[in-house]
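Participant: Coordinates for the following, if possible.
(chains A and B)
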Amino acid sequence: MLAYIIRRMGQSALVLLIVGLVAFSMFRFVGDPIDNMLGQERTAEDIERLREQLGLDQPFAVQYFRFLEGAVQGNFGVSYRQGRPVSEILLERAPATLELAAVSGILAIVFGIALGVFTAIRRNGFTANFIMSASLIGVSLPTFLIGILLIYIFSVELGWLPSFGRGETVDIGGWSTGFLTESGLKALILPAITLGLYQMTLIMRLVRSEMLEVLRQDYIRFARARGLKDRAINFRHALKNTMVPVITVIGLQLGAIIAFAIITETVFQWPGVGLLFINAIQFVDIPVMAAYLMLISVMFVGINLIVDILYFFIDPRLRVDRAGGH
Amino acid sequence: MKPISALTVAAVLMTTAAPLSAETLRWARAGDALTLDPHSQNEGPTHTIRHQMYEPLIIRDVTGAFEPALATDWAPSESDPNVWVFNLREGVTFHDGAAFTAEDVVFSFERAKQPNSDMKELIGSITEVRAVDDYTVEIVTDGPNPILPSNLTNLFIMDKDWTEANNTVDVQDFEGGEITFATTNANGTGPYVLQSREPDVRTVMVRNEDYWGIDQFPMDVTEIVYTPIQNAATRVAAMLSGEVDFLQDMPVQDIERVNAADGLTVKQAPQNRVIFFGMNMGAEDIEADNIDGANPLADVRVRRAMSMAINRDAIQQVVMRGQSQPAGMIAPPFVNGWTAEMDAESTTDVEGAKELLADAGYPDGFSIRLDCPNDRYINDEGICQAAVGMLGQIGITVNLDAKPKAQHFPLITDGNTDFYMLGWGVPTYDSEYVFNFLVHGRESDIGTWNGTGYDNDELDAMIKSLASNTDLEARNADIASIWRVVQDEQLYIPIHHQVLNWGMSERVGIEVDPEDQPKVKYFTMN
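Facilitator: Got it, this is the predicted structure:
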């Protein structure tokens, strides 16, 4: 057990190191940050001085090593664009992204499961077929288009909801929340739908197919034969057995919601870490790009690690196999 | 020294107590100020935010003309040609109540000359600033400097005592990630007082009821809420849905849409930026073409033929949707030295271009790579694509290589491109600035953006002498003759002047400023 976890963690660390190395080897193709940092009046000496000061004259492997050295001590360097420590900026931006991700995640799970169950039970009904067809939109339309469409309908044409920003926020011990004000809650609606729509349709379709599978099982027939009520069969027996694969997918999609908030945040000018990352790419803000990519990979690697460990508890075969290596 | 929060609270109380109704200006553009420190980061949007809270000695009004700000009048000293005398405005106070005096001016100039300051190049000719009395300042330069005032319009004045008390005498070390009190707080003499600021999210300013010019300027806006909105479609949607009153960085394709909407209007004016192509004529042979052992661009006939192949009216109508002015010289209108005649010198003549090319020994043309940015100027990549087709008509096969600005500009400054697009603005409103960067031969501190390889010692000497020529008539004659050489040598292929568009609700009254620097004190609200 312990050996398995240690081995898994070792592999995770290796993945992180490789992600970082690939990221740093790519940065020089993004462009030269010096150009954005100095005005058009700069001289050749200014460029030279700054390049040396930032260590950009070093090969990328050296730059990467320096980044790792700092990162291990919790120092991600200084943003080239904002001139502030990256860790401070990330902490300031994290609440916006996490709140958005949480609301989208909850929307996706609640509506995804509810609609999935509904379409499975009434699988030949008109409403269910309509929902199934409509869900194709969620799967196939790109996020930015959904965002722009929602803005067009609800902000420009109807004028009900704001088209950008977070509204008023309240600061609670360094965590800025939009949950406590009316404008903050209103501002959450469109981005949360945009971000969660794909996950919602994914969960819905998964729940539906799993549910249809389970409803065909013998124990459901026996339950019916016992004369149990439909509600008890559908929700107590069928849905419960549907949830195992669904929970796995939800766990993995949670990471995706945070990581892919980039597009939604750009469309809605949502001041989270995704927007920060887009800004960083345009400005070639290497410290911010590096820190963001590492954080996202830590998150994905962490989620995978937890899932792996959970499998270890769920699937007894893994325990038998451990002597043979994995 | 009172903390800024108490001040802003006081300011809010004052605005709410004012008899005039509260008018909030909700203002959006693509980017945010990088810092509030007045002498760090010489960058457009950063200056825009500072201009609401801080003031220089002189500002430019909406037409680009000088207007007295903290100085009431200025003139070169009669006794010493190296000295400018500035008379300062009396009775001005900073937001914290401290009086503005000559001491603050001397201090601010010294601060702006520190190594970490981004403004030091602009005032590089200044050797000393001295206070003659409380309201007179003398600025000494290293030689006669006839255009000194035009270098001071973004040089903001801080309060010496406030700066010292808050430990921000040194300019923030931006690259080193230093944050000082002055990067997040502001104490200027300007018409608006900082109330709150979250970088990249929202900046709120309220009217300074003690502003010296409160009766002189409209100052209808009592509160400014500034929000950067990066995505162009969202920015326009915010304007259409009425969540924004004033919009900069208006996408060209949405102008009609906004103009057609009820209660919204788009105003435009020529921008202080000209777009052109540069050609590497200095090299013996260039890499980006298919001619070995020779550089076709070295022949002025080839350069002229290329310029004649470009149909600027077509670019204006098709690529820019009318939002540009075809250009014949690489200086924006209203810059000293610009003439309507030279700006009309670009002609389109495909047959003539073919003949010139044949005369130069390239009857079948040649092929060359064009480097072009795709995220810097309005429809930059589209302009290059149009140019590819137009040059193809005279037999020049152009391979377009469009990339983000962060990759494009180093090509020019490092001399790694033979045919490139560049745009240029002239903050000093004088041709000397254009010559220094684009015409003078490339050295470490001059000609830094001249990627043409053009080097003419005689012309360089003439350009250098402009800096200290106080006889304005003779100086203007020199400028005209330098332009003549630039035009005759076809040093660059001018394309057009960009047009600036500001979207606004019909309640907002303001004319477009060619520098893209809205100053809210000029705004009226109906």
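Participant: ok, and for stretch A:174-190, which residues are buried?
Facilitator: A:S176, A:G178, A:G184, A:A187, A:L188, A:I189, A:L190 (16 or more other C-beta atoms under 10 Å in any protein chain shown). Backbone N, C-alpha and C define where each C-beta goes, glycine included.
Participant: Give me the contact list for it.
Facilitator: A:91-92, A:95-96, A:99-100, A:103, A:147, A:150-151, A:154-155, A:161-163, A:165-171, A:268 (C-beta atoms under 8 Å, 6 or more residues apart in numbering or on different chains).
Participant: Poorly predicted segments of chain B, please.
Facilitator: B:1-21 (pLDDT under 70).
Participant: one more time with 50, if that's ok
Facilitator: For chain B, applying pLDDT under 50 flags the ranges B:1-4, B:7-19.
Participant: hmm, back to that, ok, so of the buried residues of stretch A:174-190, who is nearest chain B?
Facilitator: Taking C-beta to the nearest C-beta as the measure, chain B lies nearest A:S176 of the buried residues of stretch A:174-190, at 8.4 Å.
Participant: related to what we said a few turns ago, next step: the buried residues of stretch A:174-190 restricted to helices.
Facilitator: A:G184, A:A187, A:L188, A:I189, A:L190 (DSSP state H).
Participant: buried stuff in whichever helix or strand A:L295 is part of?
Facilitator: Assigned by DSSP states H and E, A:L295 falls within helix A:286-314. Residues A:286-297, A:300-301, A:303-305, A:308, A:312 are the ones in helix A:286-314 that count as buried (16+ other C-beta under 10 Å).
Participant: same question for it, mean pLDDT?
Facilitator: For helix A:286-314, the mean per-residue pLDDT is 82.
Participant: now it, how far from the centre of its chain.
Facilitator: Put simply, helix A:286-314 sits 11 Å off its chain's centre (C-alpha atoms, centre = their mean, to the nearest Å).
Participant: what's the answer for stretch A:42-56, then?
Facilitator: Using C-alpha atoms, centre = their mean, the distance between the centre of stretch A:42-56 and that of its chain works out at 37 Å.
Participant: in it, what's buried?
Facilitator: If you call a residue buried by 16+ other C-beta under 10 Å, then stretch A:42-56 has these buried ones: A:R42, A:T43, A:D46, A:I47, A:L50, A:L54, A:L56.
Participant: Skipping its backbone neighbours, what lies nearest A:F111 in space?
Facilitator: A:M200 (5.3 Å; C-beta to C-beta, 6 or more residues apart in numbering or on different chains).
Participant: How about A:T127: what's its closest non-neighbour residue?
Facilitator: A:T127's closest residue in space is A:F118 (C-beta to C-beta, 6+ apart), at 7.8 Å.
Participant: by contact count, what packs against the strand or helix carrying the one you found?
Facilitator: A:F118 is part of helix A:86-121 when elements are defined by DSSP H and E. If you count contacts as 3 or more C-beta pairs under 8 Å, 6 or more residues apart in numbering or on different chains; DSSP states H and E, helix A:86-121 packs onto helix A:126-140, strand A:175-177, helix A:182-215, helix A:240-259, helix A:261-267, helix A:273-283, helix A:286-314.
Participant: any idea of the angle it forms with helix A:273-283?
Facilitator: Interaxial angle of helix A:86-121 relative to helix A:273-283 (axes from the mean of the first three to the mean of the last three C-alpha atoms, to 10 degrees): 120 degrees.
Participant: Can you mark which positions in helix A:86-121 are buried?
Facilitator: Buried-residue list, helix A:86-121, by 16+ other C-beta under 10 Å: A:86-87, A:89-90, A:92-97, A:99-105, A:107-109, A:111-113, A:115-121.
Participant: Of all residues in chain A, which one is nearest the centre?
Facilitator: For chain A, the residue sitting closest to the mean C-alpha position, by C-alpha atoms, centre = their mean, is A:I258 at 2.1 Å.
Participant: pretty sure that one is touching A:A96, no?
Facilitator: No: using C-beta atoms under 8 Å, A:I258 makes no contact with A:A96, being 11.4 Å away.
Participant: Show the contacting residues for the nearest residue to A:T194 once chain neighbours are set aside.
Facilitator: Counting by C-beta to C-beta, 6+ apart, A:T194 lies nearest to A:G147, which is 4.4 Å off, once chain neighbours are set aside. By C-beta under 8 Å, 6+ apart, A:G147 lies in contact with A:L190, A:P191, A:T194, A:I263, A:T264, A:V267, A:F268.
Participant: Quick one: the strands in the stretch 101-250 of chain B, in order.
Facilitator: All strands of the stretch 101-250 of chain B, identified by DSSP state E, counting those that start in this stretch, fall at B:126-133, B:136-141, B:192-198, B:202-207, B:223-228, B:246-247.
Participant: who's in contact with residue 156?
Facilitator: Reading this off chain A. Counted by C-beta under 8 Å, 6+ apart, A:V156 has contacts A:S163, B:A237, B:L240, B:S241.
Participant: Can you look at chain B instead?
Facilitator: B:P38, B:H39, B:R50, B:Y54, B:E55, B:P56, B:S108, B:G188.
Participant: One more: A:R226?
Facilitator: Going by C-beta under 8 Å, 6+ apart, the list of residues near A:R226 is empty.
Participant: same thing with B:W502?
Facilitator: Going by C-beta under 8 Å, 6+ apart, the list of residues near B:W502 reads B:F246, B:L247, B:Q248, B:M250, B:V266, B:K267, B:Q268, B:I510, B:V512, B:P518.
Participant: quick one on the thing from earlier: surely the residue nearest to A:T127 touches A:F130?
Facilitator: No: using C-beta under 8 Å, A:F118 is not in contact with A:F130, being 11.3 Å away.
Participant: Spatially nearest residue to the residue in the stretch 151-300 of chain B that chain A sits nearest to (excluding sequence neighbours)?
Facilitator: When distances are taken as C-beta to the nearest C-beta, the stretch 151-300 of chain B reaches nearest to chain A at B:G177, 2.7 Å away. Leaving aside its sequence neighbours, B:G177 sits nearest to A:V78 (C-beta to C-beta, 6+ apart; 2.7 Å).
Participant: What about the one you found? Give its phi and psi, please.
Facilitator: With angles defined as degrees, to the nearest 10, A:V78 sits at phi -120, psi 130.
Participant: quick one: it and A:G116, what's the gap?
Facilitator: 47 Å (C-beta to C-beta, to the nearest Å).
Participant: Can you give me the buried ones in the helix or strand hosting B:D313?
Facilitator: Using DSSP H and E, B:D313 falls within helix B:312-314. By neighbour count on 16+ other C-beta under 10 Å, the buried set for helix B:312-314 is B:R312.
Participant: What is the helix or strand containing B:S307 packed up against?
Facilitator: For B:S307, the element it lies in under DSSP H and E is helix B:300-309. Other helices and strands packing on helix B:300-309, by 3+ C-beta pairs under 8 Å, 6+ apart, are strand B:264-279, helix B:350-359, helix B:380-392, strand B:492-505.
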